[in-house]
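Colleague: Pasting the sequence and the predicted model now:
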Amino acid sequence: MSPPSSSRVGKIPPSRSYNMARVRGDMDTLYERKLASSLWHRRIRGYRRRCKTHLGRPDFCFHREKVAVFLDGCFWHCCPLHFKLPATNVDFWRKTLADNRARDLRQTRQLRRGGWVVVRIWNHAVKTEAGMLRAVRRVATAVDARTRKLRRETRPHARRRVFTR
């Protein structure tokens, strides 16, 4: 059996393309697990992981409060501090990463139009304990603000009691 000829380089068999299209990333990254653990330990509950909204799947979703939390990776979402464009296949990566950024902006804009609060956190921000604490505070602040707003909106108006003798 001889090695594949150089004429096959660049031609991808349909079966390979099909298989690669079905590969999905890890749904439970290290930083998502750490953030979930920190939220739980600080008694911030009521979220679902990777739940469906009308515009995708936030990493953490507080449906009742309408708060969507995205934990963005530095590479895939082009972090301004850590992103470095790969040296090979530059055109492919530029288009792919630009599409990711456009999707992020579109999702954020549409969720906000729908009345959601969107919290976006960079992966590098939760690597340290201090960064994790800041991220948890951001989430807690958003959830608390929405909870207070919901309570005000759903509180029945106090009726004035009239006492007669």
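Modeller: Great, that's in hand.

Colleague: Please make it C-alpha for all contacts and neighbour counts, starting now.
Modeller: OK.

Colleague: just checking, what packs against the longest helix that the chain contains?
Modeller: Ranked by residue count and defined by DSSP state H, the top helix of the chain is helix 129-154. Secondary-structure packing of helix 129-154 (3 or more C-alpha pairs under 8 Å, 6 or more residues apart in numbering; DSSP states H and E): helix 30-41, strand 67-72, strand 117-122.

Colleague: Would you mind getting the angle between that helix and helix 30-41?
Modeller: Using axes from the mean of the first three to the mean of the last three C-alpha atoms, to 10 degrees, the inter-axis angle of helix 129-154 relative to helix 30-41 is 60 degrees.

Colleague: How about helix 129-154, which residues are buried there?
Modeller: For helix 129-154, burial by neighbour count (16 or more other C-alpha atoms under 10 Å) applies to 131-133, 135-136, 138-140, 142-143, 146.

Colleague: before we move on, the earlier item: can you list the helices and strands packed on helix 129-154 in TSV and add mean pLDDT and distance to E153?
Modeller: Below are the helices and strands packed on helix 129-154 laid out as TSV (pLDDT from 0 to 100; distance: least, C-alpha to C-alpha, whole Å):
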stretch	mean pLDDT	distance to E153
helix 30-41	92	26
strand 67-72	94	17
strand 117-122	95	17
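
Colleague: Can you add mean neighbour count and distance to R94 and give these back as a markdown table?
Modeller: Shown next, in a markdown table, are the helices and strands packed on helix 129-154 (neighbours: other C-alpha atoms under 10 Å; distance: least, C-alpha to C-alpha, whole Å):
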| stretch | mean neighbour count | distance to R94 |
| --- | --- | --- |
| helix 30-41 | 16 | 25 |
| strand 67-72 | 22 | 18 |
| strand 117-122 | 19 | 20 |
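
Colleague: mind checking which of these is nearest C51?
Modeller: Closest to C51 of the helices and strands packed on helix 129-154 is strand 67-72 (C-alpha to C-alpha; 9.7 Å).

Colleague: how far out from the middle of the chain is stretch 125-142?
Modeller: Centre-to-centre, stretch 125-142 and its host chain are 14 Å apart (C-alpha atoms, centre = their mean, to the nearest Å).
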